[in-house]
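okay, here's the prediction I keep looking at, along with the sequence it came from:
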Amino acid sequence: MAKRVFFFFITIFFVNSVIGQTISETFPPFNIKTVTFTQSTNNVIPVFRLGEQFQLSFDDLFGTEEDYYYTIEQYNYNWTPTVLSKNQYLNGTDNQRIQDYENSFNTLQIYSHYRLNFPNNYSQITKSGNYLVSIFNSNRELVFTKKFIVYEDIVDVEMQVKRARNVADNKYKHNLDFSIKSNQILFQNPVQNVKVILLQNGKWDNAIVNVKPQYTIGNDLIFKYDKETQFFAGNEYLYFDNKEIRVATNTIARVDSNSGLYNSHLYTDTARKYKSYTFYPDVNGNFRVRNLTAQNNEVEADYSWVYFTLFAIDSPANSNIYVTGMFNNNILSPENKMDYNADKGIFEKAILIKQGFTNYNYTILDSQNNISDKDAIDGNFYETENQYTAIVYYRQNGELYDRVIGKGDANSVNITN
């Protein structure tokens, strides 16, 4: 009897531990490139309205037409596993082979390009929420995972980007004011049941989470915080464009093919934190695959080694600096970490990237290996144009999962005091 009781409690402890674990994305291996969510061939932040079409695509540089399979799982707002069974949020079945793929054409770097459409003939998501799509190979080994969000469009989110109210920060930060209104939901205990996540340019590494309503007016939820909804503004993204992969441009100093692939050597970037703000259009970290002479960019765009160099005089040689953007999903991995060249006094890194127009920036970590937005290589300027997204979660009394009931968008080009 004692053994049974002990086993029961151990089982309960194990189940609770699993349920309480926060999920993180699994980064793809070196051969998997250009992992992105798209709509109408455009790369997008993966926040989709329930029922609308979207696509996950990626390239396998082995080019062997490997069989890949996918699964879909739902999570709570804080990325802990939901208690719902799969048939409660998925119509049909997952664990299916990805059947839409084709090989590259007229490229030096061979690859197989895969497309996974949602919804598809096998799987249709029926509930809003946080989701994780997992990709497995033919041996059922996990290759990589990607987060995405599905929302119901049943609340209005009115957002404004304002300068920080604190005088010491108003040159460096953006503050978000917003309200949530609905004619379809009568909010129950909104301070407890409503949660908001704020994203800057679709990035999760500096997301502001678990934002609660500051006060309510009837059924309207008001968020007018001074500090809790502030982001460091950063600077405009840098870019290069090698849609004509053999040609030098205003951002590409020279091109060679010494490695068997084309090598694009960018001009050396200089840290901009001590310079004045200069506006030039960017796409907020996004990228667009493009080959100027191709008809189908998905399989006719080639890969090239892109050589980044950075002169940052006040960054020690042992600084942890990464080249980041949507092109590599802002992953802080050794593949994207810059090395210090003592002879030249610069940081440098070569990264294999699919050709086209690409935004990028430099991300630096502090001594605790946390992203240091305050000490950003290119500084923080309130004039910077950023795209902000608010994702609204609601779990009314008695519900078993966190619904995503709406999202709001705002751009700092319309910033006010």
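Cool, got the structure.

break the chain into its domains for me.
Residue ranges for each domain of the chain read 32-151, 156-234+383-411, 238-375, as given by the TED database.

which one of these lies nearest to Asn417?
Of all the domains of the chain, domain 156-234+383-411 sits nearest to Asn417, with 5.5 Å by Cβ to Cβ. Every C-beta, even on glycine, is put in place using the N, C-alpha and C of the backbone.

quick one: low-confidence residue ranges for the protein.
Scanning the chain for pLDDT under 70 picks out 1-20.

and the domains of the chain as TSV, adding distance to Ser24 and mean neighbour count?
Converted to TSV, the domains of the chain look like this (distance: least, Cβ to Cβ, whole Å; neighbours: other Cβ atoms under 10 Å):
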stretch	distance to Ser24	mean neighbour count
domain 32-151	8	17
domain 156-234+383-411	10	18
domain 238-375	12	17
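
could you dump those domains to CSV with distance to Thr26?
Listed next are the domains of the chain as CSV, based on distance: least, Cβ to Cβ, whole Å:
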stretch, distance to Thr26
domain 32-151, 4
domain 156-234+383-411, 14
domain 238-375, 11
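
all strands of the stretch 101-250 of the chain, in order?
Remark: strands assigned in the stretch 101-250 of the chain by DSSP state E, counting those that start in this stretch are 112-118, 123-125, 129-136, 142-151, 156-163, 173-181, 194-200, 203-211, 215-217, 220-223, 230-232, 238-241.

make TSV out of those and add distance to Asp402.
Listed next are these as TSV, based on distance: least, Cβ to Cβ, whole Å:
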stretch	distance to Asp402
strand 112-118	20
strand 123-125	15
strand 129-136	6
strand 142-151	11
strand 156-163	16
strand 173-181	15
strand 194-200	7
strand 203-211	12
strand 215-217	20
strand 220-223	16
strand 230-232	23
strand 238-241	37
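
of the ones you listed, which approaches Asn42 most closely?
Between Asn42 and the strands of the stretch 101-250 of the chain, the tightest spacing by Cβ to Cβ is seen for strand 112-118, at 14.0 Å.

note down every partner strand of that closest one and its orientation.
Looking at strand 112-118 with DSSP bridges, its partner strands are strand 54-60 (antiparallel), strand 100-103 (antiparallel).

what's the angle from the next helix-or-strand element following the longest one to strand 129-136?
Heading C-terminal from strand 54-60, the first helix or strand you meet, by DSSP states H and E, is strand 69-75. Per axes from the mean of the first three to the mean of the last three Cα atoms, to 10 degrees, the angle that strand 69-75 makes with strand 129-136 is 150 degrees.

which elements pack onto strand 69-75?
The contact analysis (3 or more Cβ pairs under 8 Å, 6 or more residues apart in numbering; DSSP states H and E) places strand 69-75 against helix 86-89, strand 96-97, strand 129-136.

next, the angle from the last one to strand 194-200.
Same thing as strand 129-136. If you take the same axes, to 10 degrees, strand 129-136 sits at 60 degrees to strand 194-200.

so which residue is dead centre in the chain?
Centroid-nearest residue in the chain, with Cα atoms, centre = their mean: Lys203, separated by 4.5 Å.

what about Arg140, distance to Tyr68?
Relative to Tyr68, Arg140 is positioned 11 Å away (Cβ to Cβ, to the nearest Å).

before we move on, the earlier item: nearest to Thr22, out of the domains of the chain?
Per Cβ to Cβ, nearest to Thr22 of those: domain 32-151, 5.0 Å.

what's the spacing between that closest one and its chain's center?
14 Å (Cα atoms, centre = their mean, to the nearest Å).

first-to-last residue distance for it?
When the termini of domain 32-151 are compared using Cα to Cα, to the nearest Å, they are 28 Å apart.

can you give me the helices for this protein?
2-19, 86-89, 190-193, 297-300 (DSSP state H).

I'd like the helices and strands packed on strand 69-75 as TSV, with distance to Ser123 appended.
Shown next, in TSV, are these (distance: least, Cβ to Cβ, whole Å):
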stretch	distance to Ser123
helix 86-89	10
strand 96-97	7
strand 129-136	10
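
mind checking which of these is nearest Thr38?
Among the helices and strands packed on strand 69-75, the nearest to Thr38 by Cβ to Cβ is strand 129-136 (13.6 Å).

for the closest one, give me every contacting residue.
Applying Cβ atoms under 8 Å, 6 or more residues apart in numbering, the contact partners of strand 129-136 are 23, 25-26, 56, 58, 68-77, 79, 82, 89, 98, 116, 125, 142-150, 401-404.

repeat that for 6 Å
68-75, 142-149, 404 (Cβ atoms under 6 Å, 6 or more residues apart in numbering).

ok, stretch 150-166 next?
The contact list for stretch 150-166, computed with Cβ under 6 Å, 6+ apart, reads 48-50, 125, 128, 170, 173-175, 177-182, 184, 226, 230, 382, 390, 392, 404-408, 410, 412, 415-417.

quick one: which of the strands paired with strand 112-118 is nearest Ala301?
Closest approach to Ala301 among the strands paired with strand 112-118 (Cβ to Cβ): strand 54-60, 9.5 Å.

ok so, going back, out of the strands of the stretch 101-250 of the chain, which gets nearest to Phe327?
Distance to Phe327, taken as Cβ to Cβ, is lowest for strand 238-241 among the strands of the stretch 101-250 of the chain, at 10.4 Å.

ok, the closest one: who's next to it in the sheet?
Within its sheet, strand 238-241 is paired with strand 356-364 (antiparallel), according to DSSP bridges.

measure stretch 232-241 end to end?
27 Å.

what's the closest of the strands of the stretch 101-250 of the chain to Ser333?
With Cβ to Cβ as the criterion, Ser333 lies closest to strand 142-151 of the strands of the stretch 101-250 of the chain, at 11.8 Å.
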